[in-house]
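K.L.:
no sequence for this one, just the structure:
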């Protein structure tokens, strides 16, 4: 049997349309079930901050509706590093928090719990709602050189 002219192009367009429809249905389902999308954001954030972020990874975190952020930070490098500041920004977040301890020294491979308190949190901050924070960590290496770690992905979690 001889194929009709343009039959291959028509079959290609039909196949492409089916793939696009499946993609649109998938996106619609993610938006229809917002909990799934939020959980996916949290999972991606954790994967970055626990596995890819260097020299500091964030092993766990919590943010209260009262404006206190607690981070468990791990130095994934071999040398002790001194954290001089952690800059946090996000929608509805403002203020000049205090860091405790004020200048933590985190040894190579060691973890340190750091609390930043005194944020003013906007009206959307209720327990269970999602927060997305941009994190930048200023630190000093053993040679006295001041450096900065810029988070490539936001830190995402649920308010407590």
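P.N.:
In hand now; what should we look at? Everything numeric here is computed off the predicted structure, so don't read it as measured data.

K.L.:
C-alpha only now, for contacts and for neighbours.
P.N.:
Will do.

K.L.:
so what's residue 131 up against?
P.N.:
By C-alpha atoms under 8 Å, 6 or more residues apart in numbering, the residues touching residue 131 are 90, 125, 155-159.

K.L.:
Okay, now the sheet partners of the longest strand anywhere in the chain, with direction.
P.N.:
Using DSSP state E to define each element, the chain has its longest strand at strand 130-140. Counting by DSSP bridges, the strands paired with strand 130-140 are strand 81-89 (antiparallel), strand 146-150 (antiparallel), strand 155-158 (antiparallel).

K.L.:
Need the winner for burial among the ones you listed.
P.N.:
Scoring those by mean neighbour count under mean count of other C-alpha atoms under 10 Å gives strand 155-158 as the most buried, with a mean of 22.

K.L.:
quick revisit: looking at the strands paired with strand 130-140, spot the one closest to residue 106.
P.N.:
strand 81-89 (5.4 Å; C-alpha to C-alpha).

K.L.:
Contacts made by that closest one with the rest, please.
P.N.:
Contacts for strand 81-89 (C-alpha under 8 Å, 6+ apart): 75, 99, 102-108, 133-142.

K.L.:
Recalculate using a threshold of 7 Å.
P.N.:
103-107, 133-142 (C-alpha atoms under 7 Å, 6 or more residues apart in numbering).

K.L.:
Please pick the buried ones from the residues you listed.
P.N.:
104-107, 133-137, 139-140 (16 or more other C-alpha atoms under 10 Å).

K.L.:
closest to residue 71 among these?
P.N.:
residue 135 (10.9 Å).

K.L.:
and the closest one, bridged to which residues?
P.N.:
Residues in a beta bridge with residue 135, per DSSP bridges, are residue 88.

K.L.:
Equivalent analysis for residue 94, please.
P.N.:
According to DSSP bridges, beta-bridge pairing links residue 94 with residue 120.

K.L.:
show me what contacts residue 100?
P.N.:
Residue 100 neighbours (C-alpha under 7 Å, 6+ apart): 114-116.

K.L.:
Residue 116 now?
P.N.:
68-70, 97-100.

K.L.:
Are we agreed that it is in a strand?
P.N.:
Yes: applying DSSP: H, G, I helix; E, B strand; the rest coil, one finds residue 116 inside a strand.
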